[in-house]
Each structure stands twice: as structure tokens, then as C-alpha cells.
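Q: return atomic coordinates for the entry below.
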Amino acid sequence: MVRQRQPKGGEQQKEKKHLQRRNNGGSNGRLQGKNFKMLRNMLVLVVVFIMIGSIFISKGTLQVHPDTLNQDLCTTTDQGDCTNGRMIYEVTPEMNNESAIIMGGVEKEVEKVEEGTSTCSVYLAPSSVLGGGMGMFTTKEVKKGAKILPADGPSIPIIDPDQSQRSLDAWVNLFASYWWESGISDPALYESQHTAEYQITMGALPNSHPYLNNMDVGHPAIVPYDDSFMDRMADPGAGASSYYMGRHTIAYMDMDAGEEVFLEYPDDYMNAISEKYNIPKRSDYEDVGMIVLKLYRKYGNNFSAWKNDEIFTLSPAKLQSLLPKTQKDVERVLAVATNPSDAEDLSLAIAKEISVNRRSPKWIEEHGVCLDNILPGMSTNTQAGKGAIAQRFMKKGSTVAPASLLQITNRDALRIPAFEGDQWQLLLNYCLGHPSSSLLLCPNTNAVLLNHCSSRRPDIHPCGKGGGEPNARYRWAEWDVATDVWLNKTIAQMEEEGGRGLSLELVATRDIEQGEEVFIDYGISWEKAWDEHVQKWEPPVYHIGKEEKWTSAAKLNEELLPLKLAPNLSADHVSLDSRNVLFTGCYYYEDDEGFFESFDEDEGSSWEGQPMDEVITNYGRTYGHKYPVHENRVYSDGSFWPCVVFRNEISPGTGEESYTVRIIQSHVHETTIWEQKSLPRIISNYSRRSIRHFYLPYQSDLHSPLAFRHHIELPEELLPVIWRDR
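A: Prediction:
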């Protein structure tokens with residue numbers, strides 16, 4: 001079952017109904033539409049690396065040996081750099097087999113890379129929760145609603161990942177803990193029968209805490225998809241990189257410098273974990289807040305009196321783990337609480353002071369590795385799409401970016417079985433491999449942004465303004481203590497054990513200036529394959545008029561030009577694109593089901609023979625104005641439904657052009673009553689802004705048989721002998 005978390009924010013409930021749908025009959029929320037038939041029953045194996053020491057869920061950025069799980073990771077001797085929390089629950093190896101898929105939030109795209117800063121502010125460092133492996137931290141204050149990371153790397157669509165048993169065995173068990181199947185953008189939903197999104201960095205690395213979740217994630221645009229920088233009729237690089245913008249991460253509450261970044265998981269999932277392992281959940285924090293409030297009102301801050309009160313001594317074990325254990329604990333909790341007479345403030349103070357090991361910015365900088373040295377921006381290589389842009393000066397030999405890795409033990413798992421011939425997942429282009437090994441290693445950080453350059457062919461593969469050599473290279477990471485262990489595992493042992501435990505890091509091979517693009521050498525085999533691809537590449541053939549030029553979906557959605565009108569109400573006219581690759585989608589949610597209750601079941605067989613005006617009169621509604629599109633709202637999980645646009649008019653009162661549309665059942669949602677009765681869902685006064693263009697399934701550039709696919713070559717010196725199995 002795919003687990004969904006409720007989106008945050010103050011959107012009106014009616015407009016968010018479509019985001020709150022739950023799975024129906026094991027269908028993962030994907031429903032059969034009359035003209036968009038999709039898979040109903042999908043096998044989603046979700047196995048995550050969870051380490052619960054301080055009531056948290058970790059996505060396993062760092063594999064930690066079970067013997068070390070209960071050790072206090074806060075080992076600094078600096079006064080004030082670390083405040084030790086106390087949790088009495090032991091973390092056992094069998095706890096490492098739970099999972100969560102996350103979704104989210106809201107934010108508007110900033111199209112250019114924001115100006116770099118002189119100091120790093122987002123780090124990967126030992127988690128503040130016991131046994132949490134590595135966590136994400138901010139070393140600066142972040143106000144509620146502000147971005148934690150200015151921009152994240154691309155979201156990589158995964159096409160039909162559950163189509164073969166080999167695929168399930170080799171990689172889905174691991175990757176399902178990191179990719180998203182809820183909260184994904186509408187363009188991705190329509191890419192295939194079953195699409196997941198592999199979102200790196202902020203979508204893959206954060207831990208979770210039942211009471212300290214402080215971040216939300218959101219799509220950076222109404223339609224977070226930009227295919228405008230590649231022209232499939234002219235560019236050999238079309239379909240070779242992701243057009244999906246990475247999610248933006250927003251502070252859900254004010255964050256202090258040194259706080260770990262936590263992402264909320266759904267309540268039902270967290271409650272299940274609590275019951276399974278007898279650990280505190282959110283309601284337990286609330287109960288402890290009430291207990292502490294009662295004790296404070298009776299005894300002030302006198303811990304000696306607290307610990308002898310039966311409300312303290314008779315509390316269940318889960319609550320005991322959260323209660324202060326010393327006089328100093330009591331004083332810290334009361335000092336942190338904004339209002340010690342408020343139970344909610346006390347619950348939050350307990351979560352911050354008792355359940356986690358507080359980190360100082362200094363400690364994080366000394367023990368962590370920077371995550372925001374590079375951010376996405378347009379590459380100087382016009383066929384590469386986005387690239388890695390340095391946000392600050394980096395000295396030769398310094399770490400550019402960490403690259404924690406997810407392994408695919410058999411690269412053939414990335415073949416897409418729905419296609420004939422050699423069709424591969426786009427993910428292949430972002431993973432490292434070697435011709436003599438079946439193993440692929442896929443970074444889940446902004447390391448995926450680095451493009452190729454080389455001194456072998458500087459005329460064809462230039463290294464930007466820095467000269468003829470790449471300015472970065474990979475090496476095995478020393479900060480991930482599990483890497484040395486995993487370098488001695490065979491591929492078979494990796495697959496049998498599951499989880500992840502390998503990390504690389506990018507290191508600067510020379511001084512890198514702020515604003516400079518960072519490159520690596522993808523290897524001779526990659527370079528040869530690309531050069532051959534360019535030489536053989538020819539544009540696809542479409543039966544379109546000579547006067548028509550290729551226009552990207554992004555451009556059509558940006559310009560909001562008048563729409564072509566369908567000649568009738570037939571669902572076949574959701575696509576009026578002469579190339580037959582795009583369809584129109586209307587922002588829509590169900591909130592008028594009662595209107596169709598009065599219609600008989602047999603009416604669905606008669607309306608198609610009626611005149612259009614009569615159909616509109618009998619079945620139409622005139623409240624298209626109820627579906628406005630706003631720049632700062634969440635539009636995902638099927639916000640846009642396929643629709644037929646068949647009439648335009650001038651809206652009364654506004655004088656603006658609007659449309660009459662027929663909404664078509666979306667495969668993402670439960671089957672509607674009007675679909676069950678085969679009745680048309682017709683709405684007038686629809687704003688042009690509420691109608692967007694999307695690619696039909698399997699018609700975007702990434703599905704093209706002409707799209708380039710090749711792994712990045714893992715340098716020879718980094719490949720252990722025991723991995724050479726080909």
C-alpha cells in the first residue's frame with residue numbers, strides 16, 4: 001500500500017478533496033477511465049531503512065551496524081555543542097524493515113539559480129535522533145514559509161517499475177523507500193500506466209519525527225515540467241535528461257540554527273510503527289505535555305517532587321521515556337517552552353530537549369558535509385539541460401557534494417518491458433556503472449547534476465570557462481562509515497542484505513569559482529556512445545502541416561494561447577494535437593455528486609444522440625469559476641483531469657474569454673457517479689488558466705526510441721575486483 005501524508009496549508013477543503021483520496025480496493029488510487037485505461041492493481045513493494053531510537057523514521061542515508069544503533073552519536077566535547085537526550089528504547093536489527101512514501105506541499109518556481117552564498121547552510125551530518133544514521137540540518141535560522149534549500153535537483157520519472165519480477169527483486173525493494181508515488185506531479189502521472197518519481201536530496205534524505213516535523217515539500221510550478229530547453233525535432237539530447245523540476249522544501253515552522261530537518265510521514269503509518277515497536281507516537285507527546293503541565297502547576301520546577309508523584313511514577317513506559325529524568329532536564333524543558341502553562345508548548349519543548357540530541361551549527365559544520373555547494377542551473381552544454389552551478393568558491397581538494405548511493409544489482413532491471421528492443425529507464429543516465437560489472441550505483445543527492453566534459457575532445461565536450469579538464473572527480477566517501485564494509489561485499493550479498501551502505505563524494509580537482517559549472521569525466525565508453533548517437537541521430541517524423549512547428553508543452557502552458565475547439569463532445573477529442581502527443585487537462589475536483597443521483601442508469605446510452613445544446617442544458621453546470629488556478633497552490637496527484645474543450649464564450653461580468661468543457665474520468669481517481677452512469681460531466685465558464693497541456697502516456701521525449709541512454713562510467717580505480725562479474 002502506498003502511504004500518503006496529508007498536505008499542509010490553508011487551502012479550502014473543497015479544492016483539496018482530490019488530494020485526500022485514499023486507495024480503493026488496492027488500486028493505489030489509480031482508477032479505470034473510459035478512455036484512459038490504466039493498471040488498477042499494482043504491486044508496490046515498500047521496504048525502507050528505519051532506525052528508531054528517538055521515535056523517528058530514517059530513510060537510511062547511512063547504513064549503521066546494529067551494534068552501534070543505541071550509541072549516542074553526539075560525541076563532541078565542546079561545551080554547549082550538544083545536549084544529550086534520553087530514550088530508553090533499544091533499537092533492534094528487525095526494526096530496519098519499515099517504509100514510507102512521502103508527498104507534499106507548495107511553492108513557486110524561481111527559474112534562475114538564486115545568487116550564491118559564501119557559506120553553506122544545509123548539511124548532511126549524524127542525526128540528532130539516536131540510531132538515526134545521517135540527518136539533514138540547517139545551520140541558519142529559517143522562518144516559517146521560507147525555503148530550506150533554494151532549489152533541488154531534478155525529479156526523475158520511473159516508468160512502470162513493477163512490470164517484471166526481475167525488476168522487483170533487483171531494485172524496487174530498495175528504491176521504493178526513496179521514490180514517491182503520492183504527491184507526484186500531474187505530468188508525471190500521465191507519463192505511463194504507473195509512474196513513480198525519484199526525487200533526490202530533500203525528497204530522499206530527511207528523517208521523520210512524530211512531533212518535530214518542520215518541513216514541507218512542494219512542486220515549484222503549477223505544471224512543474226519544462227521541455228522548452230530541448231527541441232525533439234532538432235536536439236540529439238532530447239529525452240536524455242529529466243524535464244521535471246525538483247521539489248522545493250519549505251519550513252513549516254520557524255527553525256533554529258542547528259535544527260535537524262524532519263519530514264512528516266502519515267499518522268496511520270507512524271501509529272502502526274508505534275504499535276509494532278511500542279514506541280511513543282504524536283499523541284504520547286501530547287499526553288506527556290499534559291502530565292508535565294500538571295506537575296509544573298503543583299510543584300513548580302522541583303524535580304524531586306515531580307518524581308515522587310504517582311502521575312509521574314505510574315505513567316506507561318512510552319510516556320516515561322519522554323519525561324524529564326533530572327532537575328536539569330526540567331529546567332531545560334521549561335526554558336525552551338514559550339509558555340510553560342501551555343501543554344502544547346511543553347510537548348514541543350519535550351520533543352526538542354528530551355527526544356533529540358541538540359546540535360550546534362559549529363558541531364554540524366565540523367561533523368557534516370555540505371549539501372548546497374551546488375544547485376541546479378542551465379548548463380553551458382546545450383544538449384545537457386540542467387547542470388551543477390557552484391554557489392560559492394571551493395578550493396582544490398575540498399568536497400563539492402556528497403553522493404550517498406542506491407544500488408541496482410542487475411542493470412537489466414532498468415529495461416522498460418513495455419517497449420520492444422533496447423528501451424531503458426531515464427534513471428540509467430544518472431547512475432554510475434562499469435562495463436565489467438552488472439552493478440549500478442545511483443546518487444540521491446545533487447551530485448546527479450554534474451555533466452560531462454573531457455580533454456580528449458575539448459571541441460565537442462568542453463569544460464566550460466575553466467579550461468580543458470573537468471573540475472571535479474569522484475572518490476569513496478570517508479564520512480560514511482559503512483562504505484568500507486560495503487566495498488567488501490559481493491553484488492549477491494548486497495542484494496540479499498538489502499538497504500544501502502555505499503557513498504561517494506565529489507572533490508574539486510582545482511579551485512572552483514562561484515557561478516562556475518562543475519563537471520566530471522563520464523568516461524571513454526560514455527563519450528564514444530554519445531558521439532555515435534549524435535552522428536546517427538535523426539529527428540522523428542510527424543504527419544503535421546508544413547506551416548506547423550514543434551511547440552513544447554511548457555511554452556503552450558506559459559503562453560496560454562486560445563485553445564482549439566472540439567467539433568463535438570466525444571472523449572476522443574481530449575487531444576486536438578496534430579502530432580497526437582498532447583492532451584488538454586482541466587483543473588477539477590469532485591464536489592457535486594448529488595447532481596447525478598437523480599439520473600437513471602439507462603440515460604447514459606441515449607445522450608450521445610442528442611443535439612449538443614440539449615446535452616449541455618440537461619447535463620451541464622455553469623460554475624467553472626469554482627476551479628481557479630493559483631500560483632501558490634498544490635497541483636499534484638491528479639489535480640488536472642483530461643477534458644474536451646468544445647465551446648468558448650465571454651464570461652458575464654468579467655468580459656474574459658472562458659470555455660465549456662467536458663471532464664473525462666481520470667485514472668488517478670475513484671470512479672465517479674457520472675462515469676458509472678456513462679453520463680457527460682459538462683461545465684461552463686472555465687477559465688483558460690485552469691486548462692493546461694500534458695503529454696499523452698508514453699509520448700513525451702523520455703519515451704522516444706531515439707533518446708540517448710548510457711550509464712556514467714565508474715572510474716577503474718574505484719571498482720573493487722569482487723564487483724567484476726561480466
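
Q: regarding this protein, what is its longest helix?
A: In the chain, assigned by DSSP state H, the helix with the most residues is helix 282-299.

Q: do you have the helices of the stretch 251-400 of the chain handy? List them.
A: 267-277, 282-299, 303-306, 310-313, 317-320, 327-336, 343-353, 361-367 (DSSP state H, counting those that start in this stretch).

Q: using PDB, write down the CA coordinates of the first one.
A: Taking C-alpha atoms only, helix 267-277 is exported to PDB below (Å, rounded to 0.1, in the frame of the first residue of the first chain):
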ATOM      1  CA  ASP A 267      -0.300   9.400  11.100                       C
ATOM      2  CA  ASP A 268      -1.600   5.900  10.300                       C
ATOM      3  CA  TYR A 269       1.800   4.800   9.300                       C
ATOM      4  CA  MET A 270       3.500   6.300  12.400                       C
ATOM      5  CA  ASN A 271       0.800   4.800  14.600                       C
ATOM      6  CA  ALA A 272       1.500   1.400  13.100                       C
ATOM      7  CA  ILE A 273       5.200   1.700  13.800                       C
ATOM      8  CA  SER A 274       4.400   2.800  17.400                       C
ATOM      9  CA  GLU A 275       2.200  -0.200  18.000                       C
ATOM     10  CA  LYS A 276       4.700  -2.600  16.400                       C
ATOM     11  CA  TYR A 277       7.700  -1.400  18.400                       C
END
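
Q: tell me the buried residues in it?
A: Using 16 or more other CB atoms under 10 Å as the burial criterion, the residues of helix 267-277 that qualify are Y269, M270, I273, S274, Y277. Yep, even glycine has a C-beta here, placed from its N, CA and C like the rest.

Q: ok so, going back, which of the helices of the stretch 251-400 of the chain comes out lowest on mean pLDDT?
A: Note on those: lowest mean pLDDT is at helix 267-277, with a mean of 78.

Q: rewinding a little: kindly indicate which of the buried residues of helix 267-277 lies nearest W607.
A: Closest approach between the buried residues of helix 267-277 and W607, by CB to CB: Y269, at 43.5 Å.

Q: how near is that closest one to I712?
A: Computed as CB to CB, to the nearest Å, the Y269 to I712 distance reads 35 Å.

Q: circling back: restrict the longest helix of the chain to CA atoms and write it as CSV.
A: Extracted in CSV, the C-alpha atoms of helix 282-299 (Å, rounded to 0.1, in the frame of the first residue of the first chain):
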residue,chain,number,x,y,z
ARG,A,282,2.4,12.0,18.5
SER,A,283,-0.5,11.5,20.9
ASP,A,284,2.1,10.3,23.6
TYR,A,285,3.9,13.6,23.3
GLU,A,286,0.6,15.4,23.8
ASP,A,287,-0.1,13.3,26.9
VAL,A,288,3.3,14.0,28.3
GLY,A,289,2.8,17.7,27.8
MET,A,290,-0.4,17.4,29.9
ILE,A,291,1.5,15.5,32.6
VAL,A,292,4.3,18.0,32.8
LEU,A,293,1.8,20.8,32.9
LYS,A,294,0.1,19.2,35.9
LEU,A,295,3.4,18.6,37.7
TYR,A,296,4.5,22.2,37.0
ARG,A,297,1.3,23.6,38.4
LYS,A,298,1.6,21.5,41.5
TYR,A,299,5.4,21.7,42.2
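
Q: of the buried residues of helix 267-277, closest to D600?
A: Nearest to D600 among the buried residues of helix 267-277 is Y269, at 42.3 Å by CB to CB.

Q: so what does the longest helix of the chain touch, helix or strand wise?
A: For helix 282-299, the packing partners by 3 or more CB pairs under 8 Å, 6 or more residues apart in numbering; DSSP states H and E come out as helix 267-277, helix 303-306, helix 310-313, helix 317-320, helix 343-353.

Q: let's go with 6 Å and repeat that
A: The contact analysis (3 or more CB pairs under 6 Å, 6 or more residues apart in numbering; DSSP states H and E) places helix 282-299 against helix 303-306, helix 317-320, helix 343-353.

Q: would you mark the buried spots in the second one?
A: Buried positions in helix 317-320, judged by neighbour count with 16+ other CB under 10 Å: K318, L319.

Q: name the surrounding residues that touch that helix.
A: P280, D284, D287, V288 (CB atoms under 6 Å, 6 or more residues apart in numbering).

Q: how much space separates the third one from P220?
A: Distance from D287 to P220, counting by CB to CB: 39 Å.

Q: just tell me which of the helices and strands packed on helix 282-299 ends up closest to N373.
A: helix 343-353 (28.6 Å).

Q: how about the contacts made by the closest residue to K352 other than its chain neighbours?
A: Sequence neighbours aside, V336 is the residue nearest to K352 in space, at 5.8 Å (criterion: CB to CB, 6 or more residues apart in numbering). Contact analysis of V336 by CB under 6 Å, 6+ apart lists A349, K352, E353.

Q: and the gap between V336 and P324?
A: 12 Å.

Q: put together a markdown table for the contacts of helix 317-320, with distance to S177 on each row.
A: Formatted as a markdown table, the contacts of helix 317-320 follow (distance: CB to CB, whole Å):
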| residue | distance to S177 |
| --- | --- |
| P280 | 23 |
| D284 | 25 |
| D287 | 30 |
| V288 | 30 |
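
Q: picking up where we left off before, looking at the helices and strands packed on helix 282-299, which one is packed in the most?
A: Ranked by mean neighbour count under mean count of other CB atoms under 10 Å, the helices and strands packed on helix 282-299 are led by helix 343-353, which reaches a mean of 22.

Q: quick one: distance of that helix to the chain centre.
A: For helix 343-353, the distance from its own C-alpha centre to the chain's C-alpha centre is 29 Å (CA atoms, centre = their mean, to the nearest Å).

Q: what sits up against it?
A: Applying CB under 6 Å, 6+ apart, the set of residues contacting helix 343-353 is 211-212, 285-286, 288-290, 292-293, 322, 332-333, 336-339.

Q: mind showing which ranges of the stretch 101-250 of the chain have poor pLDDT?
A: In the predicted model of the stretch 101-250 of the chain, residues 101-117, 164-170 satisfy pLDDT under 70.

Q: wait, L560 sits on I691?
A: No: L560 is beyond contact range of I691, at 8.5 Å (criterion: CB atoms under 6 Å).

Q: what backbone torsions are found at S341?
A: With angles defined as degrees, to the nearest 10, S341 sits at phi -90, psi 10.

Q: typo on my end, it should be D613
A: phi -60, psi -40.

Q: and for it, the neighbour number?
A: D613: 10 surrounding residues under other CB atoms under 10 Å.

Q: now the strands for the stretch 451-600 of the chain?
A: Under the criterion DSSP state E, counting those that start in this stretch, strands of the stretch 451-600 of the chain are mapped to 451-452, 472-476, 503-508, 517-520, 582-587.

Q: now do the longest helix of the chain: distance to the chain's middle.
A: Taking mean C-alpha positions (CA atoms, centre = their mean), helix 282-299 and its chain are 36 Å apart.

Q: buried set for it?
A: Neighbour counts over helix 282-299 (16+ other CB under 10 Å) mark R282, D284, Y285, D287, V288, G289, I291, V292, L293, L295, Y296, Y299 as buried.

Q: gap between the second one and Q320?
A: Taking CB to CB as the measure, D284 falls 10 Å from Q320.
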